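Trainee: Fold the following for me, if possible:
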Amino acid sequence: MDINFNRNEDDFKLLVSSLKSKKGKIHLGGGEKAIAKLHDKGKLTARERINLLLDSGSYAFEVGEFAGWEMYQEHGGCPAGGVVVVLGHVSGRLCVIVANDATVKAGAWFPITGKKNLRAQEIAMENKIPIIYLVDSAGVYLPMQDEIFPDKEHFGRIFRNNARMSAMGIVQIAAIMGSCVAGGAYLPIMSDEAMIVDKTGSVFLAGSYLVKSAIGEDIDNETLGGATTHCEISGVTDYKMPDDQTCLKTIRDIVSKIGSPEQAGYNKIEPIAPKRTLSDVYGLIPVDSSKPYNTYDVLDCLLDADSFTEYKAGYGKSIICGYGRVDGWAVGLVANQRKIVKSAKGEMQFGGVIYSDSADKATRFILNCNQKKIPLVFLQDVTGFMVGSRSEHGGIIKDGAKMVNAVANSLVPKFTIITGNSYGAGNYAMCGKAYDPRLIVAWPNAKMAVMGGEQAAKTLLQIQVSGLKAKGKVLTQEEEAEQLKTITDRYNAQMKAEYAAARLWVDAIIDPIETRKFISLGIEAANHAPISEKFNPGVIQV
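Mentor: Coordinates of the predicted model:
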């Protein structure tokens, strides 16, 4: 190993260590005191409930772990968005699990909570897999009700999705394991089956205090909407459970009896280990995102050994395309080459930049994968499309538009891993969040923005300086330098993977060594949803 590999490895391991530390804080939810208080009531935490529900030893993928990270500080924060979402196996069946975290503001819904719940439902709907709700929530967080209640992608969309999933035949199971009030009461009852835990679970449109103030009736919450009421009098719920553990075991029993799903038929064979050790990724990629590296080396860590068949290897070299396998699954790979390469015309091409020939190649390859019904995997480390007169005269906009068109109209499932930079229109062409990847994750070194921090900060400073000059104010060199630093620091903070993950622009930040498991689980989920539409790429001028 050379000195650069060792240096990269040390830097990357520090990033991964920091990532694990942050996740540890997130997993505490509302804190140890809040967890102890929950335990005193005989209740389990959201994560404890999920762990009992999942098959022991199976790989599970947490969606939106960083949701709400460093957001809502004036409200005391909202770790993980106040809800835990996991894609994992329950009694051998791949399911989406959604569990309110009652240690965070009693499980109240912040704006990011609604966004995260909708993302969980979207994953279940796209992949046609069962969804399990573990309900323990005080409902909408009232101080922010205007940001969660009335719009199309707000709270009410959850119940619309409940209805749509029922119509689609997607199994929904709900367990009321704590509070379930007001509009939130509809979620478990619009599910196919609902169970409720005795003494700790309750469901009603209005609690006892509101009933008293509204109609003057004196009644306690248990009599109003507890397990006995809804299992023996109203018939609202289907199963009365003595405790959390029995409730979760019953869910596992029900899931174990669900019939076999249809399959999309994606190709899988016996997996083969990669040519290189997965952890080699740490040493191959510089944490300094401006430095080049050879993407082929990274592919040797991710793809099954000797499975890669490269498409148009000598053409459009700034993007690597080809067929390969990940954990036995056949995939179509589209990856930015970060090494400086020489084009067929002998011109040097910058690593991570999309040129006309590479956009043209990727477009054709994406069409081929749709024809062959092969899932697409995008390894995104892109600084954007090439600019300048030569590129403009060569039709970069047309070739870029072709690639974006192909990605947008692709019907096979797409999975995106941001392994470094994700800038500008490169984010779109390489299947960013706006282009409906089934799942999208970032490595801890990822950066996402309209452009790189240095360029953006200088542009913003020029705008600011021009504005001040128009008002008769001229900055000194020292003042300009101070302003530049302030702008750069703010912009760089917004580029970090945590910033993107907090807002669910990516589903998760993962340790690179999880990448193969992540892709495999994603394709397994997608294999539950046969493609019913006919592929039509639209108008692509090739």
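Trainee: same question for stretch 187-196, mean pLDDT?
Mentor: In this model, stretch 187-196 has a mean pLDDT of 94.
Trainee: repeat for stretch 55-63
Mentor: Stretch 55-63 comes out at a mean pLDDT of 97.
Trainee: buried stuff in it?
Mentor: The neighbour-count check on stretch 55-63 (16 or more other Cβ atoms under 10 Å) flags Ala60, Phe61, Glu62, Val63 as buried. All C-beta atoms are positioned from the backbone trio N, CA, C, and that covers glycine.
Trainee: OK, contacts around the nearest residue to the third one once chain neighbours are set aside?
Mentor: Put plainly, it is Glu62. Computed as Cβ to Cβ, 6 or more residues apart in numbering, the closest residue to Glu62 that is not its neighbour in sequence is Val86, at 5.3 Å. Taking Cβ atoms under 8 Å, 6 or more residues apart in numbering, we find Val86 in contact with Ile50, Leu54, Ala60, Phe61, Glu62, Val63, Val96, Ile97, Ala99.
Trainee: who does Val86 bridge with?
Mentor: Glu62, Ile97 (DSSP bridges).
Trainee: how about the helices in the stretch 351-500 of the chain?
Mentor: Secondary structure of the stretch 351-500 of the chain (DSSP state H, counting those that start in this stretch): helices at 356-372, 389-393, 396-409, 424-429, 453-470, 477-495, 497-502.
Trainee: can you put the ones you listed in a markdown table and add mean pLDDT, distance to His154 and mean neighbour count?
Mentor: Below are the helices of the stretch 351-500 of the chain laid out as a markdown table (pLDDT from 0 to 100; distance: least, Cβ to Cβ, whole Å; neighbours: other Cβ atoms under 10 Å):
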| stretch | mean pLDDT | distance to His154 | mean neighbour count |
| --- | --- | --- | --- |
| helix 356-372 | 96 | 34 | 22 |
| helix 389-393 | 77 | 42 | 11 |
| helix 396-409 | 92 | 26 | 20 |
| helix 424-429 | 94 | 26 | 22 |
| helix 453-470 | 75 | 31 | 14 |
| helix 477-495 | 82 | 24 | 14 |
| helix 497-502 | 97 | 19 | 22 |
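Trainee: ok, so of the contacts of Val86, who is nearest Leu504?
Mentor: Val63 (8.6 Å; Cβ to Cβ).
Trainee: Kindly provide the distance from that closest one to Pro111.
Mentor: 17 Å (Cβ to Cβ, to the nearest Å).
Trainee: cool, and Leu94?
Mentor: 29 Å.
Trainee: Ok, Gln477 next?
Mentor: 42 Å.
Trainee: Surely Ala60 touches Val84?
Mentor: No - taking Cβ atoms under 8 Å as the definition, Ala60 is not a contact partner of Val84, at 10.8 Å.
Trainee: what is in contact with those two at once?
Mentor: Ile50.
Trainee: Next up, the contacts around Phe66.
Mentor: Lys22, Ile26, Ala80, Glu498, Ala501, Ala502, Ala508, Ile509.
Trainee: which one of those residues is nearest Asn8?
Mentor: Nearest member of the contacts of Phe66 to Asn8, counting by Cβ to Cβ, is Ile509, at 18.5 Å.
Trainee: who's the closest one bridged to?
Mentor: Beta-bridge partners, per DSSP bridges, of Ile509: Ala442.
Trainee: Contacts only, for it.
Mentor: Applying Cβ under 8 Å, 6+ apart, the residues contacting Ile509 are Leu19, Glu65, Phe66, Val441, Ala442, Trp443, Pro444, Ala446, Ala497, Glu498, Ala501.
Trainee: any weak-confidence spans in this protein?
Mentor: The chain contains residues with pLDDT under 70 at 1, 183, 393, 453, 539-542.
Trainee: what's the nearest residue to Phe535 if we skip its chain neighbours?
Mentor: Asn370 is the one closest to Phe535 (Cβ to Cβ, 6+ apart), at 4.7 Å.
Trainee: does that neighbour really touch Pro413, like I thought?
Mentor: No - counting by Cβ under 8 Å, Asn370 does not reach Pro413; the two are 10.9 Å apart.
Trainee: what about stretch 52-70, distance to the chain center?
Mentor: 11 Å (Cα atoms, centre = their mean, to the nearest Å).
Trainee: actually stretch 355-368, not the one I typed
Mentor: For stretch 355-368, the distance to the chain centre is 26 Å (Cα atoms, centre = their mean).
Trainee: Same check on stretch 9-24?
Mentor: The answer for stretch 9-24 is 19 Å, by Cα atoms, centre = their mean.
Trainee: how much space is there between the closest residue to Thr419 other than its chain neighbours and Ser208?
Mentor: In this structure, Thr419 finds its nearest non-sequential neighbour in Asp381, 4.8 Å apart by Cβ to Cβ, 6+ apart. Using Cβ to Cβ, Asp381 is found at 56 Å from Ser208.
Trainee: Looking at the two, which one has more neighbours?
Mentor: Asp381 (28 against 18; other Cβ atoms under 10 Å).
Trainee: That one and Gly352 touch, don't they?
Mentor: Yes - taking contacts as Cβ under 8 Å, Asp381 lies within contact range of Gly352: 5.5 Å.
Trainee: who touches both of those two?
Mentor: Joint contacts of Asp381 and Gly352 (Cβ under 8 Å, 6+ apart) are Asn336, Arg338, Gly420, Asn421.
Trainee: Return the member of those nearest to Tyr296.
Mentor: After measuring the shared contacts of Asp381 and Gly352 against Tyr296 - Cβ to Cβ - the closest member comes out as Arg338, at 10.1 Å.
Trainee: For the closest one, what is the enclosing helix or strand?
Mentor: For Arg338, there is no enclosing helix or strand under DSSP states H and E.
Trainee: Apart from its neighbours in sequence, what residue is nearest it?
Mentor: Gly351 (4.0 Å).
Trainee: need the contact list for the one you found.
Mentor: Pro292, Tyr293, Ser318, Asn336, Gln337, Arg338, Lys339, Ile340, Val341.
Trainee: Quick check: the fifth one vs Thr309, distance?
Mentor: Translated: Gln337. 17 Å.
Trainee: Who has more neighbours out of those two?
Mentor: Shown here are Gln337 and Thr309; by other Cβ under 10 Å, Gln337 has more neighbours (23 against 10).
Trainee: Serialize the contacts of Phe66 to TSV and add fields for distance to Asp489.
Mentor: Below are the contacts of Phe66 laid out as TSV (distance: Cβ to Cβ, whole Å):
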residue	distance to Asp489
Lys22	20
Ile26	24
Ala80	27
Glu498	15
Ala501	20
Ala502	18
Ala508	26
Ile509	21
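Trainee: List just the nearest of the residues you listed to Gly169.
Mentor: Ala508 (28.0 Å).
Trainee: Chain neighbours aside, what residue packs nearest to that closest one?
Mentor: Val441 (4.8 Å).
Trainee: I figured His230 was touching Asp238, is that so?
Mentor: No - using Cβ under 8 Å, His230 is not in contact with Asp238; the gap is 9.3 Å.
Trainee: So between those two, which is more surrounded?
Mentor: Legend: neighbour count by other Cβ under 10 Å for His230 and Asp238, higher for His230 (23 against 16).
Trainee: Tell me which residues touch that one, please.
Mentor: By Cβ under 8 Å, 6+ apart, the neighbours of His230 are Ile196, Val203, Val236, Thr237.
Trainee: Against Thr246, how distant is it?
Mentor: Counting by Cβ to Cβ - His230 and Thr246 are separated by 17 Å.
Trainee: do the same with Ser520
Mentor: 33 Å.
Trainee: Pick out whichever of those two has more residues nearby.
Mentor: Neighbour count, other Cβ under 10 Å: between Ser520 and Thr246, Ser520 has more, with 18 against 15.
Trainee: distance of the residue sitting furthest away from the middle of the chain from Gln464?
Mentor: Distance from the centre of the chain peaks at Gly472, with 47.4 Å (Cα atoms, centre = their mean). Distance of Gly472 to Gln464, computed by Cβ to Cβ: 15 Å.
Trainee: and if you look at Trp69?
Mentor: 29 Å.
Trainee: likewise His89?
Mentor: 53 Å.
Trainee: do the same with Ile148
Mentor: 34 Å.
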